[in-house]
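Undergrad: sequence and predicted structure, then a few things I'm wondering about:
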Amino acid sequence: MKIIILFFSILAAVSANAQAVADTLCSTPPMGWNSWNCFHRDIDEDKIKEIADLMVSTGLRDAGYTYLNVDDCWQTGRDNSFRIVADEKKFPSGMKALADYVHARGLKFGIYSCAGTKTCAGRPGSRGYEYIDAATYAEWGVDFLKYDWCNNNGANAREAYYIMSDAIRQTGHPIVLSICEWGDNKPWEWGQGIGQMWRISPDIVAVCEGDNYWGGASIFSIIDRMAPLWPYSGPGNWNDPDMLQVGNGDLTYDENVMHFSMWCMFSAPLIFGYDLRSADPKILEILTNREAIAIDQDRLGKQAMMFERTGKYHETWVKELADGGAALCFLNKDDKEWVFDYHFWGFDNIGMDCTGNLYTVRDIWKHKNIGDTKDRYRFKVPAHGVIMLRLTPAE
Ligand code: GAL
């Protein structure tokens with residue numbers, strides 16, 4: 001009898017410990033850099049090392065971007081023991097050495113694989129090798145795994161992702177599992193307890209693809225897809241509207257600000273893919289706006305809700321914050337400026353009692369207090385842009 005009790009208490013302690021690890025992983029949305037959006041298949045260890053150095057010298061690491069993630073095309077095959085092998089030409093020092101380099105700069109190291117037999121770029125996937133791969137990643141000191149969904153041969157998504165999450169758990173090494181099945185099988189309904197974040201959409205695009213394509217369209221369509229998913233996001237479990245395209249493609253300054261602001265409103269993982277080797281200070285300024293980042297990283301972990309849509313193009317988004325205040329975003333999807341008069345009184349405007357309570361109003365991009373909720377405002381929101389405000393309970 002005693003033995004049985006002891007067995008169950010050990011089991012309870014082990015699972016409580018596993019739960020504690022799961023809870024502390026990504027209690028706020030992970031932040032970092034990923035190679036795909038700027039380099040695609042063209043990656044090598046020198047580039048990644050350069051980016052690691054730049055993450056530190058540009059202040060991005062200190063602004064919170066701690067993960068440095070290598071996406072598809074680092075792997076070529078398997079050795080005689082079925083262990084995954086890195087491309088010897090592009091990563092001659094191996095992934096362990098790269099992980100060490102990244103860790104030495106106070107960053108965390110992320111890697112990519114796929115639940116199918118091959119990755120989306122045709123490299124070896126993890127199907128059937130999940131436990132060997134997870135153990136290898138743990139040995140290398142990997143902190144983050146983006147796990148894709150190409151070439152899955154009709155597998156059940158929940159099962160496929162569960163296997164990798166179990167493989168990771170068995171290593172005892174904390175690795176964030178980023179579920180990348182593009183929202184095909186509603187991962188927000190089953191991803192909790194399996195991974196810490198899940199993609200909700202096809203790939204974000206921010207390049208000019210032919211004459212008729214504008215990159216921002218992809219951003220707007222992802223925003224629409226995010227709207228109903230707010231109940232599924234929270235500490236440790238994040239809806240992932242895909243990696244940031246800030247600075248890439250044909251996005252204007254206002255569009256970049258809009259894109260970044262909305263991702264912060266969503267409590268989205270902030271994984272950007274900008275080539276830091278030729279960085280524009282204006283783009284760095286967007287990425288390091290600490291007031292916007294604080295809204296993303298707010299410990300309540302609420303995803304903004306669309307409070308109102310006026311006509312086809314004008315939306316008001318509200319995100320509740322831990323200090324009893326809220327972040328507010330006026331989003332203008334129109335090709336021309338949106339000008340309107342606004343007051344906060346009453347409950348109807350943003351779902352908060354702004355008659356009984358007073359809040360200060362701060363403009364997140366101007367970095368200044370512009371009044372309080374008793375004042376009247378005339379807002380001018382640029383085409384494809386936002387005005388992002390923070391309402392804080394007045395003293
Ligand atoms: C896609 C994924 C992209 C990128 C690419 C690599 O499926 O959504 O973010 O990882 O595969 O091949």
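TA: Perfect, I can see it now. Numbers count the residues shown, from 1 in each chain.

Undergrad: can you tell me the centre-most residue of the protein?
TA: P269 (1.9 Å; C-alpha atoms, centre = their mean).

Undergrad: contacting residues for it?
TA: Taking C-beta atoms under 8 Å, 6 or more residues apart in numbering, we find P269 in contact with 29-31, 178, 197, 238, 240. C-beta coordinates here come from the backbone N, C-alpha and C atoms, glycine included.

Undergrad: what about the strands in the stretch 251-395 of the chain?
TA: Per DSSP state E, counting those that start in this stretch, the stretch 251-395 of the chain carries strands over the ranges 270-272, 305-310, 314-320, 326-332, 338-343, 359-363, 368-372, 376-381, 386-393.

Undergrad: how long is stretch 277-295 end to end?
TA: For stretch 277-295, the first and last residues are 28 Å from each other (C-alpha to C-alpha, to the nearest Å).

Undergrad: can you put the strands of the stretch 251-395 of the chain in TSV and add distance to Y67 and mean pLDDT?
TA: Output for the strands of the stretch 251-395 of the chain, formatted as TSV (distance: least, C-beta to C-beta, whole Å; pLDDT from 0 to 100):
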stretch	distance to Y67	mean pLDDT
strand 270-272	7	98
strand 305-310	27	94
strand 314-320	23	97
strand 326-332	24	97
strand 338-343	35	95
strand 359-363	29	97
strand 368-372	32	97
strand 376-381	32	97
strand 386-393	24	97
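
Undergrad: what's the burial count for G122?
TA: G122: 12 surrounding residues under other C-beta atoms under 10 Å.

Undergrad: helix, strand, or coil at it?
TA: Of the three states, G122 takes coil under DSSP: H, G, I helix; E, B strand; the rest coil.

Undergrad: residues in contact with the closest residue to K118 other than its chain neighbours?
TA: Computed as C-beta to C-beta, 6 or more residues apart in numbering, the closest residue to K118 that is not its neighbour in sequence is N151, at 4.4 Å. Taking C-beta under 8 Å, 6+ apart, we find N151 in contact with 114, 116-120, 125, 127.

Undergrad: same deal with D143?
TA: Listed by C-beta under 8 Å, 6+ apart, the contact partners of D143 are 67, 108-110, 174-176.

Undergrad: neighbour-wise, which of these leads?
TA: Among those, G110 has the most neighbours (other C-beta under 10 Å), with 27 neighbours.

Undergrad: let me see the contact set for it.
TA: Contacts for G110 (C-beta under 8 Å, 6+ apart) come out as 32, 34, 67-70, 142-146, 176.

Undergrad: out of those residues, which one sits closest to the ligand?
TA: Using C-beta to the nearest ligand atom, the shortest approach to the ligand within the contacts of G110 belongs to K146, at 6.4 Å.

Undergrad: my read: that closest one touches N34, true?
TA: Yes: applying C-beta atoms under 8 Å as the test, K146 and N34 come out as touching, 7.3 Å apart.

Undergrad: get me the contact residues on the chain for the ligand.
TA: Contact residues (C-beta under 6 Å from any ligand atom) of the chain with the ligand: 36, 71-72, 119-121, 148, 150, 180, 203.

Undergrad: do that again at 8 Å, thanks
TA: Taking C-beta under 8 Å from any ligand atom as the contact definition, the chain meets the ligand at 34, 36-37, 40-41, 71-73, 112, 114, 119-121, 146, 148-150, 180, 182, 199, 202-203, 242-243.

Undergrad: out of the strands of the stretch 251-395 of the chain, deepest packed?
TA: Highest mean neighbour count of the strands of the stretch 251-395 of the chain: strand 270-272, a mean of 26 (counted as mean count of other C-beta atoms under 10 Å).

Undergrad: ok so, going back, overlap of the contact sets of K146 and N34?
TA: In contact with both K146 and N34: 69, 71, 110, using C-beta under 8 Å, 6+ apart.

Undergrad: tell me which of the residues you listed fall in strands.
TA: 69, 110 (DSSP state E).

Undergrad: got a list of contacts for the helix or strand harbouring Y137?
TA: When elements are assigned from DSSP states H and E, Y137 belongs to helix 130-140. Applying C-beta under 8 Å, 6+ apart, the contact partners of helix 130-140 are 81-84, 95-96, 99, 109, 111, 113, 126, 145, 163-164, 166-168, 170-173, 175.

Undergrad: try 6 Å this time
TA: Where contact means C-beta atoms under 6 Å, 6 or more residues apart in numbering, the residues beyond helix 130-140 that reach it are 82-84, 95-96, 99, 126, 163-164, 167-168, 171, 173.

Undergrad: any of those buried? List them.
TA: Buried members of the contacts of helix 130-140, scored by 16 or more other C-beta atoms under 10 Å, are 84, 95, 99, 126, 163-164, 167-168, 171, 173.

Undergrad: can you show me the strands along the stretch 51-200 of the chain?
TA: Going by DSSP E, counting those that start in this stretch, the stretch 51-200 of the chain shows strands at 67-69, 75-78, 84-86, 108-114, 144-148, 176-179, 197-199.

Undergrad: among these, which comes closest to Y377?
TA: Nearest of those to Y377, taken as C-beta to C-beta: strand 197-199 at 35.4 Å.

Undergrad: check which helices and strands the closest one is in contact with.
TA: Applying 3 or more C-beta pairs under 6 Å, 6 or more residues apart in numbering; DSSP states H and E, one finds that strand 197-199 contacts strand 238-240.

Undergrad: partners of the strand it packs on, with directions?
TA: strand 197-199 (parallel) (DSSP bridges).

Undergrad: next helix or strand past the partner strand?
TA: As assigned by DSSP H and E, the chain's next helix or strand after strand 197-199 is helix 216-226.

Undergrad: distance between that following helix and the chain's centre?
TA: Relative to its chain's centre, helix 216-226 lies at 15 Å (C-alpha atoms, centre = their mean, to the nearest Å).

Undergrad: so what's the closest residue to the ligand within the stretch 251-395 of the chain up against?
TA: Going by C-beta to the nearest ligand atom, the ligand is nearest to G273 of the stretch 251-395 of the chain, at 8.9 Å. By C-beta under 6 Å, 6+ apart, G273 lies in contact with 34, 36-38, 243.
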